[in-house]
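Undergrad: can you look at this prediction? I've put the sequence above it.
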Amino acid sequence: MALAETNSTSRTHNAQDRVWFERIPASYWVVGIVLLIMPAFASDFALYQVFGWTFILGMISLSLMFLGGYGGMVSLVQMSIAGLAGYMVAIFGDSAITDISMGWPWYVAIPLALIVAMLFGTIVGSLAVRTEGIYTIMITLAVAAAFFYFTRQNYVVFNGFSGFNGVLPPDLFGVDWRQSKPFYYLTLFWAAVAYFSVLYISRAPFGLALQGVRDNPRRMAALGYSVNAHRIAAYAFAALIAGTGGILLTWQSAQISPGTAGIGPAIDILVIAVIGGMSRPIGPFIGAFIYVLLKTFAIDVLLSVGLSGERFQLLIGLGFLAIVFFSPDGLLGLWDRWQDYRKRDPLLDRGEDMR
Amino acid sequence: MRAFASRHPGWTIVILLAVAVLIWLIFAIWPKGLVDVIGRKKVFLNALFNGITLGGLYFLVASGFTLIFGLMRNVNLAHGSLYLLGGYIGYFVASSTGYWVLAFPVAFVLVAAVGVLMQIFIFRRMEGQDLRQTLVTIGISIVMADLMLWGVGGDFYNITPPSWLSGPMETLLVTGVKRSSGDLIYLKYPVVRVVIFLASVVIGIAMWLILNRTQIGMMIRAGVDDRDMLSATGARIQLVFVGVFAFGAGLAGIAGVVGGTFQSVAPGEDIRFLLASLVVVIVGGMGSITGAALGALLIGLAEQFGSVYFPTYAVVLTFLIMVLVLAFRPQGLMGRS
């Protein structure tokens, strides 16, 4: 799964001698610059609805990718953690439901929301790590369902079925963050932070130990690593990313309700991660982009082939099935295979030792 | 039983006491003080009966799920979709022919056929790839849910039982005393739920007998324990797999008809019952029929009592049971570690 690391290290073994910006691959520069100057030519709708949403879903999905790709634990609870963070911002901060919302300032409400989300993620994680593989999926799915039904039935804290509306980002630096351009940069910034922190952690000792735990827990335990502690810490870190995504998601639609973190959205997050590919942190963002494009433009596509626009779910499902059938590691897997195929030198047969 | 009692004397006393209290609660006429504390006996008995019959329904869904998992390590997350499909088939058969009883065999056969197709075309290609199976079945459940929504729309359908099964029946259980005349009031309970519950008990016992007393059951149990060894002995394991998958899927189909009669068939029920069966098999233990029965009863009761006595936190009660079981017996109540 961890293909990118070996690729880049073998290519630049004298990387330490070079200036830091020379070590960054060209594609990063291109993508970064395009993303930064995007507001110059993209419409407000594309900025807010397509890219903003892509970055948010990508972040939540990234937290799943981190657990699944580096930790070997597929957790379906990430959307609930995101939802909880959104709820907490609505409850501690301002919303239109004034008799529940406490109206605390943002510098209290947001950290508190993230802490609660992390706590929740850690608790669920410590439950989930008692099991492995399929059982983890089942338990996290059951927790996600419990969260959904609980928020729907609880009116005292979570305001039941209708949830909270009017949850707006704080008015910071005199900018209205719900305008499309500021919101685009806001989500881009946090998505980039999440992306690079996952990238960093995956190469830091903790991330390497986590990948060791994924590949051979018994061996890591014999080496003196605490397997469960690493896994639970991974859940806590993933919860932080998912929580940040959840707060942004709540701001984007200005509301949070049980439906936001239902079972459907929880599975969508998995679908996004799998379609993009769970081998590298960029996968979830690719998956999220495709998902958002499909969700936004599916109606036109479906109408053009003579179906009604409601069949979006069918389209996603079939696409997902096709990906799982032909490339279990998602679009990134397809891309890697194509790269390998192209790079293979018939004389040296380097296709093999690239791994 | 005796071994359990000698190993855990404390637990045995607790369980016996609980059973004694329960029996007293069911058969005695409640004193006024008790009624003041926890409400009328009729409510309690109804919750108890609803819980047990709901447990029967959960057992039908979860036993198929756990059987497939236990033997083939196939995680069929499309099991809820099979349930919903069975419900729709049952509704259309029952409403078009007018024979409610006919809905069961038709739903069983058709859904079992879908199960066979899934086994042959999907699971056989991905043997031993747990995660991929999970993902594929999630994909299938998304597609099936949307196809069914497309086909029959988002309406609620109720499968009406025939006249000889509808309406309440008198039971021998006393719910209270009439204040005016001093007559005893007996509990009335829907016949159809009792009949269906008895049917699911019969199915459960039959499954247990087949698994424990017949040659094919021996093969299935051997396959659960050591699949490679069973195939090495020359058993036609692929045939057994297809058979078990068909049977498990068929059970989900039957459960769909039952669920449509108890409650209703509608989009979204597939996920509800998938989750219910997940929780049931997590609580009861993977691959164990007795575990499925115990878990189904526990979850059914928890759901009904929860929704009667503390409605806001009913879901949390179910979840709490799961967490407690996981914390103390991660392999489930009847599971083997």
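TA: Arrived safely, thanks for sending.

Undergrad: element containing the closest residue to chain B within chain A?
TA: Chain B sits closest to A:Gly317 of chain A, with a gap of 3.5 Å, by CB to the nearest CB. Just so you know, the C-beta spots here come from the backbone N, C-alpha and C atoms, and that holds for glycine as well. A:Gly317 belongs to helix A:312-326 when assigned by DSSP states H and E.

Undergrad: and that helix, what does it pack onto?
TA: Other helices and strands packing on helix A:312-326, by 3 or more CB pairs under 8 Å, 6 or more residues apart in numbering or on different chains; DSSP states H and E, are helix A:263-276, helix A:282-304, helix A:330-343, helix B:130-152.

Undergrad: give me the angle between the last one and helix A:263-276.
TA: Looking back up the chat, that one is helix B:130-152. 120 degrees (axes from the mean of the first three to the mean of the last three CA atoms, to 10 degrees).

Undergrad: so which bits of the helix holding A:Gly317 are buried?
TA: Neighbour counts using 16 or more other CB atoms under 10 Å in any protein chain shown place A:312-317, A:319-321, A:323-324 of helix A:312-326 among the buried residues.

Undergrad: what do you get for stretch B:219-237?
TA: B:219-220, B:222-224, B:227, B:230, B:235, B:237.

Undergrad: how far off centre is stretch A:188-201?
TA: Taking CA atoms, centre = their mean, to the nearest Å, one finds the center of stretch A:188-201 at 10 Å from the center of the full chain.

Undergrad: repeat for stretch A:148-167
TA: For stretch A:148-167, the distance to the chain centre is 24 Å (CA atoms, centre = their mean).

Undergrad: in contact with B:Leu326, which residues?
TA: B:Leu326 is in contact with A:127, A:130-131, A:139, B:282, counting by CB atoms under 8 Å, 6 or more residues apart in numbering or on different chains.

Undergrad: how about a cut-off of 6 Å?
TA: Not one residue lies near B:Leu326 by CB atoms under 6 Å, 6 or more residues apart in numbering or on different chains.

Undergrad: same question for A:Ser202.
TA: Neighbours of A:Ser202 in contact, by CB under 6 Å, 6+ apart: A:Tyr70.

Undergrad: what's the pLDDT at it?
TA: Looking at A:Ser202, its pLDDT reads 86.

Undergrad: next, the angle helix A:282-304 makes with the helix or strand harbouring it.
TA: Assessed by DSSP H and E, A:Ser202 sits inside helix A:180-203. Relative orientation of helix A:180-203 and helix A:282-304, computed by the same axes, to 10 degrees: 130 degrees.

Undergrad: only the buried residues of helix A:180-203, if you could.
TA: Quick answer for helix A:180-203 (16+ other CB under 10 Å): A:180-188, A:190-191, A:194-195, A:197-199, A:201-202.

Undergrad: not counting sequence-adjacent ones, nearest residue to A:Asp171?
TA: A:Trp177 (7.7 Å; CB to CB, 6 or more residues apart in numbering or on different chains).

Undergrad: who in the stretch 51-200 of chain A is up against chain B?
TA: The stretch 51-200 of chain A comes close to chain B at residues A:130, A:133-134, A:137-138, A:142, A:145-146, A:149-150, A:153-154, as judged by CB under 6 Å from any CB of the partner chain.

Undergrad: quick one, which of these are buried?
TA: Applying 16+ other CB under 10 Å to those, the neighbour count classes A:134, A:137-138, A:142, A:145-146, A:149-150, A:153-154 as buried.

Undergrad: can I get those residues in a markdown table with secondary structure?
TA: Shown next, in a markdown table, are those (DSSP: H, G, I helix; E, B strand; the rest coil):
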| residue | secondary structure |
| --- | --- |
| A:Ile134 | helix |
| A:Ile137 | helix |
| A:Met138 | helix |
| A:Ala142 | helix |
| A:Ala145 | helix |
| A:Ala146 | helix |
| A:Tyr149 | helix |
| A:Phe150 | helix |
| A:Gln153 | helix |
| A:Asn154 | coil |
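
Undergrad: pull up the residues of the stretch 151-300 of chain B that are close to chain A.
TA: Going by CB under 6 Å from any CB, the residues of the stretch 151-300 of chain B near chain A are B:271, B:275, B:278-279.

Undergrad: quick one: which of the buried residues of stretch B:219-237 sit in helices?
TA: By the criterion of DSSP state H, membership of those in helices covers B:219-220, B:222-224, B:227, B:230, B:237.

Undergrad: what about A:Phe173, how many neighbours?
TA: Close neighbours of A:Phe173, defined as other CB atoms under 10 Å in any protein chain shown, add up to 7.

Undergrad: what about it, which SS state?
TA: Three-state assignment for A:Phe173 (three-state DSSP): coil.

Undergrad: and it, what is it in contact with?
TA: Counting by CB under 6 Å, 6+ apart, A:Phe173 touches no other residue.

Undergrad: ok, the one 10 residues further on next?
TA: A:Phe183 makes contact with A:48, A:52, A:177 under the criterion CB under 6 Å, 6+ apart.

Undergrad: as a markdown table, those with pLDDT, distance to B:Phe69 and neighbour count would be great.
TA: A markdown table is the format used below for the contacts of A:Phe183 (pLDDT from 0 to 100; distance: CB to CB, whole Å; neighbours: other CB atoms under 10 Å in any protein chain shown):
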| residue | pLDDT | distance to B:Phe69 | neighbour count |
| --- | --- | --- | --- |
| A:Tyr48 | 74 | 44 | 20 |
| A:Gly52 | 84 | 41 | 25 |
| A:Trp177 | 73 | 48 | 18 |
